[in-house]
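*Asks:* Let's see this in three dimensions:
(2 chains)
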Amino acid sequence: MRRRAITLAFLAALAAGSTRAFAASLGSLSTAALTSFAAASTVPTSSCSSNPTQDTWIDAAHTATSHATSTTLQVASGNKPTYALVQHTPCAVANARIVSATLQLHLGTAPSSPRTYVVLPITTSWGETVTWKTAPTISAVQSASAVTGANGSWLSWSLTGDVQSIVNGAANNGWAIEDNGSGIFTGTLDSREGSNPPVLAITYYP
Amino acid sequence: MKTILLAWRWATAKHAVAPLAAVVALGWSAVAFAAGFPLAVSTIGAGSAAVAQCDPDGFTISYTTSAGNVTQATVGGIKEPTCAGGSLQLALTDSTGASIGGGGPATVPAMADPGTLTVALSPRPYAGAVAGYRVVIMGP
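*Replies:* Presented below is the predicted three-dimensional model:
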């Protein structure tokens, strides 16, 4: 009996000792700190807007007349159309990534029926005193279109691609606004000399 | 357990064999104990690593962009001096949680609390793709 008790006690002591050694070895694992943190986050965009550096309208019925200082920009369809011309310097920094760019013009007097106004890039330089005779070249490919609303409403065109090209270094000659639909309709937009000048609003990542 | 009983019976039968049997039994029990080791480590290790943090209340982040890409990020709210000397790593993640850019490792310097640390990113992700971030500081 005595030997049995001694043997059991010996085994128990060994077991206890190995447990303490194991615990000590685990303790060494927790000495290195590890701080981990994760959170949702987005990179904030920048926004800016600008008014035109120049704008006017050209008239096929009065080919030598300048409307450089007019407070309105006339857009008319028909065989003697009128086009509005606007040019902005985009306020985004060079090479910015454009999230959105919207050209907005205030429709002072709406045409008698809803019309589709298209925006087309101007591909050659021009000055504000330009006339129908001296008109710059206008691209045949429209950038955007918008349907007219009521008097006093704002028309908006998304020009993200065009503005991205400009801030990446492409030529900037502004845009023409035309009504190429059938029939004869006339609307007027506020110019930069008017009470609600055109706006080019841009959201971008610098 | 069978091994232990067997060793005990041998010890009562032959006194001279008892110490040897005990050592053998201990060896076997150690092997059996080691076999259970991975389970014990995963439980205990996870607990101790999560607790030992130099900054338990998180971080802030701000970004620097160029041409629409994030070129560097500044991690703020770093608790000092407890994080000084630690190695900081940053990952920017997209909407799925996948890493799309990272920075570091960079050693957290000793500075006033709370501290900031700016790390350059490589690759430089499109700013619009960033939906989150992960900061890990190992040590100090």
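*Asks:* So in chain B, where's the weakest helix or strand by average pLDDT?
*Replies:* Least confident helix or strand of chain B, by mean pLDDT, DSSP states H and E, is helix B:18-35 with a mean of 39.
*Asks:* The residue lying closest to A:Val99 once chain neighbours are set aside: which element?
*Replies:* Nearest residue to A:Val99, sequence neighbours excluded (CB to CB, 6 or more residues apart in numbering or on different chains): A:Thr203, at 4.4 Å. All C-beta atoms are positioned from the backbone trio N, CA, C, and that covers glycine. Using DSSP states H and E, A:Thr203 sits within strand A:199-205.
*Asks:* That strand pairs with which strands?
*Replies:* The sheet places strand A:199-205 alongside strand A:46-50 (antiparallel), strand A:97-109 (antiparallel), with pairing taken from DSSP bridges.
*Asks:* Taking the centroid of chain A, which residue is nearest it?
*Replies:* Residue closest to the average C-alpha location in chain A (CA atoms, centre = their mean): A:Ser100, at 1.4 Å.
*Asks:* what sits against it?
*Replies:* If you count contacts by CB atoms under 8 Å, 6 or more residues apart in numbering or on different chains, A:Ser100 has them with A:158, A:160, A:201-203.
*Asks:* from these, which would you call buried?
*Replies:* Of the members of the contacts of A:Ser100, the ones counted as buried by neighbours, 16 or more other CB atoms under 10 Å in any protein chain shown, are A:158, A:160, A:202-203.
*Asks:* got those residues as TSV, with pLDDT columns?
*Replies:* Below are those laid out as TSV (pLDDT from 0 to 100):
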residue	pLDDT
A:Ser158	98
A:Thr160	98
A:Ile202	98
A:Thr203	98
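*Asks:* Enumerate every residue touching the residue of chain B found nearest chain A.
*Replies:* In chain B, no residue comes nearer to chain A than B:Gly68, which is 2.3 Å away by CB to the nearest CB. Counting by CB under 8 Å, 6+ apart, B:Gly68 touches A:95-97, A:204-206, B:126-128.
*Asks:* quick check, nearest of those to B:Ser62?
*Replies:* Of all the contacts of B:Gly68, B:Ala127 has the smallest distance to B:Ser62: 12.2 Å, by CB to CB.
*Asks:* could you list every residue that touches that closest one?
*Replies:* B:Ala127 sits next to A:43, A:45, A:97, A:205, B:63, B:65, B:68-70 when contact means CB under 8 Å, 6+ apart.
*Asks:* Can you flag which of those belong to strands?
*Replies:* Judged by DSSP state E, the subset of the contacts of B:Ala127 located in strands is A:97, A:205, B:63, B:65, B:69-70.
*Asks:* Now chain A against chain B: closest residue?
*Replies:* Per CB to the nearest CB, A:Arg97 is where chain A lies closest to chain B, at 2.3 Å.
*Asks:* Tell me how far that residue lies from A:Thr160.
*Replies:* According to CB to CB, to the nearest Å, A:Arg97 and A:Thr160 sit 10 Å apart.
*Asks:* Likewise for A:Ser143?
*Replies:* 9 Å.
*Asks:* For the chain, which segments count as strands?
*Replies:* Going with chain A. Under DSSP E, chain A gives strands at A:34-40, A:46-50, A:54-59, A:72-76, A:82-87, A:97-109, A:116-121, A:144-147, A:153-158, A:175-178, A:186-190, A:199-205.
*Asks:* that's the wrong chain, I wanted chain B
*Replies:* Counting by DSSP E, the strands of chain B are B:60-66, B:69-78, B:87-93, B:99-107, B:115-120, B:132-138.
*Asks:* Put together JSON lines for the ones you listed, with distance to A:Ser191, mean pLDDT and mean neighbour count on each row.
*Replies:* Listed next are the strands of chain B as JSON lines, based on distance: least, CB to CB, whole Å; pLDDT from 0 to 100; neighbours: other CB atoms under 10 Å in any protein chain shown:
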{"stretch": "strand B:60-66", "distance to A:Ser191": "35", "mean pLDDT": "98", "mean neighbour count": "18"}
{"stretch": "strand B:69-78", "distance to A:Ser191": "38", "mean pLDDT": "98", "mean neighbour count": "20"}
{"stretch": "strand B:87-93", "distance to A:Ser191": "45", "mean pLDDT": "98", "mean neighbour count": "21"}
{"stretch": "strand B:99-107", "distance to A:Ser191": "45", "mean pLDDT": "98", "mean neighbour count": "18"}
{"stretch": "strand B:115-120", "distance to A:Ser191": "47", "mean pLDDT": "98", "mean neighbour count": "17"}
{"stretch": "strand B:132-138", "distance to A:Ser191": "46", "mean pLDDT": "98", "mean neighbour count": "21"}
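*Asks:* Any idea how many residues pack against A:Pro136?
*Replies:* 17 (other CB atoms under 10 Å in any protein chain shown).
*Asks:* Retrieve the pLDDT associated with it.
*Replies:* Looking at A:Pro136, its pLDDT is 98.
*Asks:* Now do the same contact list for it.
*Replies:* A:85, A:122-126, A:130, A:173.
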